[in-house]
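Enquirer: This is a predicted model, with the sequence first.
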Amino acid sequence: YDKLSIDDTKLFKEILAITHLQYNFHDRLEDPLASLKAEYDKLKGKLELGHDNPSIVKQLKSLSVDMYSNRLISDSEFKDIIVRMI
C-alpha cells in the first residue's frame, strides 16, 4: 500500500469502501490525500521562508500539479505557487 501512487491509493481506498472490506483491517489506512496535503504545506512553508533550493522547488512544482489535479487547491493558489517559482 505504501508503495502505490496517489491515484492508486485513492482507487484502493474506494474499492475497500465499496466492498466494505476496510472494516477487516486492524490498522486504519492513511488517506493518501492527507499525506499529499501535509507534504505540500511543508514545502510551501519552506519556500515562504526563503528556502529556494532547486530540489524543493522541483518537488513543490510536482506536488502542486498533483494537488491541483485532485482539486485540493484552487486555481488562484495554483497560479500563485507556479508564478512564485518561476
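Expert: Thanks, I have the structure now. Residues are numbered from 1 along each chain as shown.
Enquirer: Need the nearest residue in space to residue 37, chain neighbours excluded.
Expert: Nearest residue to residue 37, sequence neighbours excluded (CB to CB, 6 or more residues apart in numbering): residue 72, at 6.0 Å. (Each C-beta comes from the backbone N, C-alpha and C, glycine too.)
Enquirer: quick one: contacts for the one you found?
Expert: 33, 36-37, 40 (CB atoms under 8 Å, 6 or more residues apart in numbering).
Enquirer: again with residue 65
Expert: Contacts of residue 65 by CB under 8 Å, 6+ apart: none found.
Enquirer: quick one: it and residue 18, what's the gap?
Expert: Using CB to CB, to the nearest Å, residue 65 is found at 28 Å from residue 18.
Enquirer: Check the secondary structure at residue 47 for me.
Expert: Put simply, residue 47 is helix when judged by DSSP: H, G, I helix; E, B strand; the rest coil.
Enquirer: And the protein, what are its domain boundaries?
Expert: 1-29, 31-86 (automatic domain parsing).
Enquirer: now the ones you listed in JSON lines, with mean pLDDT?
Expert: Formatted as JSON lines, those follow (pLDDT from 0 to 100):
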{"stretch": "domain 1-29", "mean pLDDT": "76"}
{"stretch": "domain 31-86", "mean pLDDT": "88"}
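Enquirer: Looking at the ones you listed, which one is packed in the most?
Expert: domain 31-86 (a mean of 14; mean count of other CB atoms under 10 Å).
Enquirer: mind checking how far that domain is from the chain centre?
Expert: 9 Å (CA atoms, centre = their mean, to the nearest Å).
Enquirer: so how far is the first residue of that domain from its last?
Expert: 31 Å (CA to CA, to the nearest Å).
Enquirer: what about the residue nearest the centre of the chain, which helix or strand?
Expert: When CA atoms, centre = their mean is applied to the chain, the residue found nearest the centroid is residue 36 (2.2 Å). Per DSSP states H and E, residue 36 falls inside helix 32-48.
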